[in-house]
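Student: dropping a prediction and its sequence here:
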Amino acid sequence: MAAQINPSILSADFARLADEAKAVEGADWLHVDVMDNHFVPNLTLGVPVVEALGKATDTPLDCHLMIEDPDRWAPQYVEAGAGSVTFHVEAAAAPVRLAREIRAKGARASMALKPATPIEPYEDLLPELDMLLVMTVEPGFGGQAFLDIMLPKIRRTRELIAKHGLELWLQVDGGVSAATIERCAEAGADVFVAGSAVYGAEDPAKAVQELRALAEKATGTTGLCGHSATGR
Ligand SMILES: O=C(CO)[C@@H](O)[C@H](O)COP(=O)(O)O
Ligand SMILES: [Fe+2]
């Protein structure tokens, strides 16, 4: 499928969120980092802001929950209008039940792995998911350096997705830029979160197009991974 670019609102001007969302309207999704100051040492925004953002843009919201107790809170982000909700497996008490609940409420269900969390123990969960997020920095802050030691995990995850014949999107998040996106795409990622590389650019919309072109060039063209861009 075509590479998807999801600008992270974390790197935007929080005093002008609606305008910042509109500034990237050619993007596939708007990535919204929810942090609770417990699961990660940073505090950002919650359900009311997600609800307001959803009204401010036509771009669907990709909510990345870096919070404790996602089993309790994630469904509220679906109700607030998120089209995709990602919970961290390290924080979830019952990931299968949670993924099913997110799907049942009408959003795409996604699970994230911190850099030290391997994919192998979760192979059997993959059919329950619409997207798997491999973090390429420690979660908590934008603007960190890309961890290229995560590339083998991206490759292994793509192999497992292919082994099970799944239509699962593979997202990377953290330090994704013009300097790193091609390596991620070659390793098998097809959804790319970019915060500072988009909002730090003079023209954020142009940065989205440039990142997408680089990712697609790296994989030759669209559809090489053998999966399609079917949404839910
Ligand atoms: O989830 C996170 C950080 O925890 C990310 O979504 C960052 O917001 C990405 O920012 P850049 O690394 O692209 O600047
Ligand atoms: Fe994120």
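Tutor: Received it, and whenever you're ready, just let me know what you need. Numbers count the residues shown, from 1 in each chain. Ligands and ions are numbered 1, 2, ... in the order given.
Student: next one: the longest helix along the chain to chain centre, how far?
Tutor: Secondary structure of the chain per DSSP state H: the longest helix is helix 204-218. Helix 204-218 sits 16 Å away from the centroid of its parent chain (CA atoms, centre = their mean, to the nearest Å).
Student: again, but for stretch 156-170
Tutor: 16 Å.
Student: and it, end to end?
Tutor: Using CA to CA, to the nearest Å, one end of stretch 156-170 lies 11 Å from the other.
Student: buried sites along that stretch?
Tutor: 156, 157, 158, 160, 161, 168, 169, 170 (16 or more other CB atoms under 10 Å). (C-beta placed from N, C-alpha, C; glycine too.)
Student: which of those residues fall in strands?
Tutor: Using DSSP state E, the subset of these located in strands is 169, 170.
Student: looking at the buried residues of stretch 156-170, which is nearest residue 149?
Tutor: residue 156 (12.7 Å; CB to CB).
Student: surely that closest one and residue 119 touch.
Tutor: Yes. If you go by CB atoms under 8 Å, residue 156 and residue 119 touch, sitting 5.8 Å apart.
Student: where's the closest residue to residue 43 other than its chain neighbours relative to residue 140, distance?
Tutor: Spatial nearest neighbour of residue 43, chain neighbours left out: residue 37 (4.1 Å); criterion: CB to CB, 6 or more residues apart in numbering. According to CB to CB, to the nearest Å, residue 37 stands 10 Å off from residue 140.
Student: those two: which has the busier surroundings?
Tutor: residue 140 (16 against 13; other CB atoms under 10 Å).
Student: for the more buried one, list the residues it contacts.
Tutor: 35, 40, 41, 42, 66 (CB atoms under 8 Å, 6 or more residues apart in numbering).
Student: returning to what we had before: and the longest helix of the chain with ligand 1, contact?
Tutor: No. Using CB under 6 Å from any ligand atom, helix 204-218 stays clear of ligand 1, coming no nearer than 10.4 Å.
Student: return the set of buried residues in that helix.
Tutor: 204, 205, 207, 208, 210, 211, 212, 214, 215, 216, 218.
Student: intersect these with the contacts of ligand 2.
Tutor: For ligand 2, no contacts are drawn from those by CB under 5 Å from the ion.
Student: what's the distance between the residue nearest to residue 128 when sequence neighbours are not counted and ligand 2?
Tutor: Nearest residue to residue 128, sequence neighbours excluded (CB to CB, 6+ apart): residue 99, at 4.3 Å. As for residue 99, its distance to ligand 2 is 18 Å (criterion: CB to the ion, to the nearest Å).
Student: for residue 99, report the pLDDT, please.
Tutor: Residue 99 carries a pLDDT value of 98.
Student: thank you, goodbye.
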